[in-house]
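A.B. asks: My questions concern the predicted model and sequence given below.
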Amino acid sequence: MGALVMAHSDDNGLVLPPKLAPIQVVIVPIFRKEEELAAISEKVGTLIEKLKGKGISVKFDDRDTHKPGFKFAEWELKGVPVRLAIGPRDLANGTVEVARRDTMEKDILQMEGIDDKIENLLVQIQKNIFQKAFDFRANNTFNVDTWEEFKAQIEKGGFIYAHWDGTAETEQKIKEETKATIRSIPIDGKMEEGKCIYTGNPSKQRVVFARAY
C-alpha cells in the first residue's frame, strides 16, 4: 500500500490503478428536486447493470446530505479512476460528464455506448498510470562509477546504480557519509565486472542506492 501511494498519488489524494481500485466508477447525480433524482436514477440503473455485466465495479452516490462538489472532492481523494456526473440537462441531451482521476481531464460524451467507452477508458488509465510511474523511475535512475560522482548525484536524489564490494562495513561507511543505503540488489541485474565506488575492491554487479525519506 505504501508503494502504491508513493508511486501514483498526487496533491488531490490517491490515484488508484483500475485493476486495484475497489470502486472503478462512481456516478454522481446532479439534482435539486426528488423527481430529478428519480429520473436520473432510472437512467443510471440501466448503465450500472451494463457496467457490472462487464465486470466493472460501480458506486451510485445518490446521497442527499452532500452537495456534488463535496462528492467530487471525496471521490478524487479516494482515487476512484472514473467519475460520471449526470444532471437534468444531460438527460435532455443524452450526455454525461466523464472525469478521469489520473489526468483530471473532463469530457462530455454521448450516453449511447458509454459502457463500452468507460471500459476502454479504464484500460487507458491503467496503461497511463503504469507508464507514468515507469518513466519517472527511468528518468530518476543513474549509473555512477566513482565516489565523487556518487556524492554529487545523491544530493540531487533519485536511484543510483553503483558497484559495491559486498561488505556490510562498506555499506555502513557509505551510509555514514551520505545517508544513502542499498535499497535492493537486482535479482535480474546484469553481471558486470567493476570496482566498488568506495573501496575500489572488485565487484561483479551494480546495486541500487538511495536515501530513505
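C.D. replies: Perfect, thanks for sending it.
A.B. asks: any idea which element I118 lies in?
C.D. replies: Assessed by DSSP states H and E, I118 sits inside helix 114-139.
A.B. asks: domains for this protein, by residue range?
C.D. replies: 2-137, 141-211 (automatic domain parsing).
A.B. asks: Using CSV, lay out the ones you listed together with mean pLDDT and mean neighbour count.
C.D. replies: No exception for glycine: its C-beta is placed from N, CA and C like everyone else's. Formatted as CSV, those follow (pLDDT from 0 to 100; neighbours: other Cβ atoms under 10 Å):
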stretch, mean pLDDT, mean neighbour count
domain 2-137, 95, 16
domain 141-211, 94, 15
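A.B. asks: one step back: helices or strands up against the following helix or strand past the helix holding I118?
C.D. replies: On the C-terminal side of helix 114-139, the nearest following helix or strand under DSSP H and E is strand 141-143. Strand 141-143 sits against strand 159-163, with contacts defined as 3 or more Cβ pairs under 8 Å, 6 or more residues apart in numbering; DSSP states H and E.
A.B. asks: relative to helix 114-139, how tilted is the strand it packs on?
C.D. replies: If you take axes from the mean of the first three to the mean of the last three Cα atoms, to 10 degrees, strand 159-163 sits at 40 degrees to helix 114-139.
A.B. asks: one step back: now the helix holding I118, how far from the chain's geometric center?
C.D. replies: 9 Å (Cα atoms, centre = their mean, to the nearest Å).
A.B. asks: Can you list the helices and strands that that helix packs against?
C.D. replies: Counting by 3+ Cβ pairs under 8 Å, 6+ apart, helix 114-139 packs on helix 2-8, helix 34-53, strand 82-86, strand 95-100.
A.B. asks: Name the nearest residue to S41, ignoring sequence neighbours.
C.D. replies: In space, and not counting its chain neighbours, S41 is closest to D62: 6.5 Å by Cβ to Cβ, 6 or more residues apart in numbering.
A.B. asks: again with D115
C.D. replies: Spatial nearest neighbour of D115, excluding adjacent residues (Cβ to Cβ, 6+ apart): K50 at 4.0 Å.
A.B. asks: quick one: that neighbour from E149, how far?
C.D. replies: 57 Å (Cβ to Cβ, to the nearest Å).
A.B. asks: same check, this time on I160
C.D. replies: Relative to E149, I160 is positioned 9 Å away (Cβ to Cβ).
A.B. asks: likewise A180?
C.D. replies: Distance from A180 to E149, by Cβ to Cβ: 13 Å.
A.B. asks: Over to L4?
C.D. replies: Distance from L4 to E149, by Cβ to Cβ: 32 Å.
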